[in-house]
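J.: quick one, structure for this:
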Amino acid sequence: MIPEVTGGSGPFTDEVIWNRLDGTHLPIGPFSDTTVERLIRSARLGPSPRILDIGCGLGAWILRALELHPDARGVGIDVSQGHVERAVADAERRGLGERFTAHVGDAWEFNGRFDEFDLVICVGLSDALGGTGKALRELIRPQLRDGGLILLGEPFWERTPDEATERALGIPAEYHTDLDGVYDMVMAGGGLPIDAHVSTPTEWDEYMWACVRALAEWGLDEAPPERKAEILRFMADYRDAWLRGVRGTLGFTTLLLRPLPLQLSVLTGRRPGWAAAPWMR
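T.: Numbers count the residues shown, from 1 in each chain. As a prediction, this is how the structure comes out:
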């Protein structure tokens, strides 16, 4: 999941594109089904876990978690009515409807309204929630029961973006940090990484080409004649922004976190001289 790539002459939003992703790529972001499953399994949830997905999108993460844990119950929240409707329909199709509840709205509106959870998933939404630290401290951690875990997904710069890439994404270079910076923000927010995945070039390509294909099929097969050129022009801009600047510049990491008391978070950050640790000598 990337910030909106500007282009075309009409109002194209990320939601418009993502709602057109089909069953070949339900995760809204650069993750394979294998990655989603591995990270969920890594949480090692106990019996009858409760799972919350903040920004559940089309339901890829939480529905897979419910499949892997037949005694689990899950709650999804998303601001998009279209996303929630598709997630609920997919849950019914997969026989998960009785164990999945979804709500439309801002996650802050639901803060504290549910029971405590064994796993809180929040992938690619921290910027919309006020930043990584605020989201962890004020929204995600309070939803956890003792011993609960967090799956947090964060974008980062693989390399410093050039001006063309900044324009394509509609954000300045300061909007994201590098990968080390992500770890610093997470640990300052009281999250201790115990597992992580950095999305691979193949995962990025599969996701972005799924978006391009969805736009192409919309423009060629579904749009009225008067809109075809507009949609296909945007598709080309979206594709070219990816291939000519964003690809290899924007990265994404998904981390499995244990919460720490905030007073202990300073003990887990990177410290001067860390490379001299005995096991690295």
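
J.: skip the chain neighbours and tell me the closest residue to Trp61.
T.: If the residues on either side of it in the chain are set aside, Trp61 comes closest to Ile121, at 5.1 Å by CB to CB, 6 or more residues apart in numbering. From N, CA and C alone the C-beta is placed, and that goes for glycine too.

J.: would you confirm that the one you found contacts Ile51?
T.: Yes: contact status for Ile121 versus Ile51: in contact at 6.9 Å, counting by CB atoms under 8 Å.

J.: which residues are common contacts for the two?
T.: The contact sets of Ile121 and Ile51 overlap at 62, 65 (CB atoms under 8 Å, 6 or more residues apart in numbering).

J.: I'd like the distance between Glu158 and Ser199.
T.: To Ser199, Glu158 is 10 Å away according to CB to CB, to the nearest Å.

J.: for Pro30, that is, sorry about that
T.: Distance, Pro30 to Ser199, using CB to CB: 4 Å.

J.: same thing with Leu152?
T.: 14 Å.

J.: what's the helix or strand for the closest residue in space to Thr24 that isn't next to it in sequence?
T.: Spatial nearest neighbour of Thr24, chain neighbours left out: Ala210 (6.5 Å); criterion: CB to CB, 6+ apart. For Ala210, the element it lies in under DSSP states H and E is helix 201-217.

J.: what angle sits between the next helix or strand after that helix and helix 201-217?
T.: With elements assigned by DSSP H and E, the helix or strand that comes after helix 201-217 is helix 225-241. Helix 225-241 and helix 201-217 are oriented at 160 degrees to each other (axes from the mean of the first three to the mean of the last three CA atoms, to 10 degrees).

J.: quick check: buried residues in helix 225-241?
T.: Residues 231-232, 234-239, 241 are the ones in helix 225-241 that count as buried (16 or more other CB atoms under 10 Å).

J.: adjacent strands (with direction) for whatever helix or strand comes next after it?
T.: With elements assigned by DSSP H and E, the helix or strand that comes after helix 225-241 is strand 250-259. Applying DSSP bridges to the sheet, strand 250-259 is found paired with strand 144-157 (antiparallel), strand 191-198 (antiparallel).

J.: winner for burial among those strands?
T.: Of all those, strand 144-157 has the most neighbours on average by mean count of other CB atoms under 10 Å, namely a mean of 20.

J.: okay, and the common contacts of Leu152 and Ser199?
T.: Common contact partners of Leu152 and Ser199 (CB under 8 Å, 6+ apart): Thr254.

J.: okay, now Gly82: neighbour count?
T.: Neighbour count of Gly82, defined by other CB atoms under 10 Å: 15.

J.: meant to ask about Tyr175
T.: For Tyr175, the count of nearby residues is 14 (other CB under 10 Å).

J.: any idea how far it lies from Thr132?
T.: Tyr175 sits 12 Å away from Thr132, going by CB to CB.

J.: please apply the same query to Glu203.
T.: In this view, Glu203 and Thr132 are 21 Å apart by CB to CB.

J.: repeat that for Asp180.
T.: Per CB to CB, Asp180 is found 13 Å from Thr132.

J.: same drill for these two, tell me which one is more crowded.
T.: Taking other CB under 10 Å, Asp180 and Thr132 do not tie; Thr132 has more neighbours (23 against 10).

J.: quick check, pLDDT for the more buried one.
T.: Looking at Thr132, its pLDDT is 93.

J.: Met187 is in contact with that one, correct?
T.: No: between Thr132 and Met187 no contact is recorded; they are 10.2 Å apart, counting by CB under 8 Å.

J.: other SSEs contacting the helix holding Ala210?
T.: Judged by 3 or more CB pairs under 8 Å, 6 or more residues apart in numbering; DSSP states H and E, helix 201-217 is in contact with helix 14-18, helix 225-241.

J.: just give me how far the helix or strand where Thr165 lies sits from the chain centre.
T.: Under the criterion of DSSP H and E, Thr165 resides in helix 163-169. Centroid separation for helix 163-169 versus its chain: 21 Å, with CA atoms, centre = their mean, to the nearest Å.

J.: helices or strands up against that helix?
T.: Packing partners of helix 163-169 (3+ CB pairs under 8 Å, 6+ apart): helix 225-241.
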